[in-house]
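Trainee: Got a predicted structure here, sequence first:
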Amino acid sequence: MAAAILDKYSGKYDIGNGNKIEIKNEDGNLALYFSPGNKFSLYAAGETEFYSNSEFLNLYFKLVNGKIEGFQLERYGNSQFIFKSK
C-alpha cells in the first residue's frame, strides 16, 4: 500500500480515560502501539481495513470528507470506536 495512504492513518488516538494509543507507518506497514513496549504489526485487508497476525485484532478506519475520524477496533469479541486525536 502507498506510503501516503498509510501516513494518513498515523497519529495518536484517544481510547478514553485520558489514555492514547499510537499508530505509525513503519517500513511500509502500520504498527499499533498500546504502550511503548506493546506493539502490534498491522496488515492491510483493504484500504481502510487492517488486522494483526499476533492476536485477534481488526481495525476498520472511518473517513469523513477524506479525513480520518477514527477506527472501529475489534478485539476478542469486543468492539470499540476510537477517535483520532485532534
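Mentor: Good, I have the coordinates.

Trainee: what about the helices in the protein?
Mentor: Using DSSP state H, the helices of the chain run over residues 3-9.

Trainee: residue boundaries of the strands in it?
Mentor: 11-16, 19-26, 29-35, 38-44, 49-51, 57-64, 67-75, 78-84 (DSSP state E).

Trainee: highest average neighbour count across those?
Mentor: strand 49-51 (a mean of 19; mean count of other Cβ atoms under 10 Å). Using the backbone N, CA and C atoms, a C-beta is placed for each residue, glycine as well.

Trainee: Kindly state the pLDDT recorded for the closest residue in space to Phe81 that isn't next to it in sequence?
Mentor: Nearest residue to Phe81, sequence neighbours excluded (Cβ to Cβ, 6 or more residues apart in numbering): Gln72, at 5.4 Å. On the pLDDT scale, Gln72 is placed at 97.

Trainee: For Gln72, list each beta-bridge partner.
Mentor: Tyr60, Phe81 (DSSP bridges).

Trainee: That one and Gly37, how far apart?
Mentor: Distance from Gln72 to Gly37, counting by Cβ to Cβ, to the nearest Å: 25 Å.

Trainee: Over to Asn29?
Mentor: 19 Å.

Trainee: which residues are contacting stretch 74-86?
Mentor: 11-15, 20-21, 55-60, 62, 68-73 (Cβ atoms under 8 Å, 6 or more residues apart in numbering).

Trainee: go again using 10 Å as the cut-off
Mentor: Applying Cβ atoms under 10 Å, 6 or more residues apart in numbering, the set of residues contacting stretch 74-86 from outside is 8-16, 20-23, 40, 51-52, 55-62, 67-73.

Trainee: thinking again about what came up before, would you check that the residue nearest to Phe81 makes contact with Phe50?
Mentor: No. Here Gln72 does not reach Phe50: they are 11.0 Å apart, not a contact under Cβ atoms under 10 Å.

Trainee: if I look at those two, which residues touch both of them?
Mentor: 58-61.

Trainee: With respect to Ala3, which of the residues you listed is nearest?
Mentor: Distance to Ala3 across the shared contacts of Gln72 and Phe50 (Cβ to Cβ) is lowest for Phe61, with 16.0 Å.

Trainee: Sounds good, over and out.
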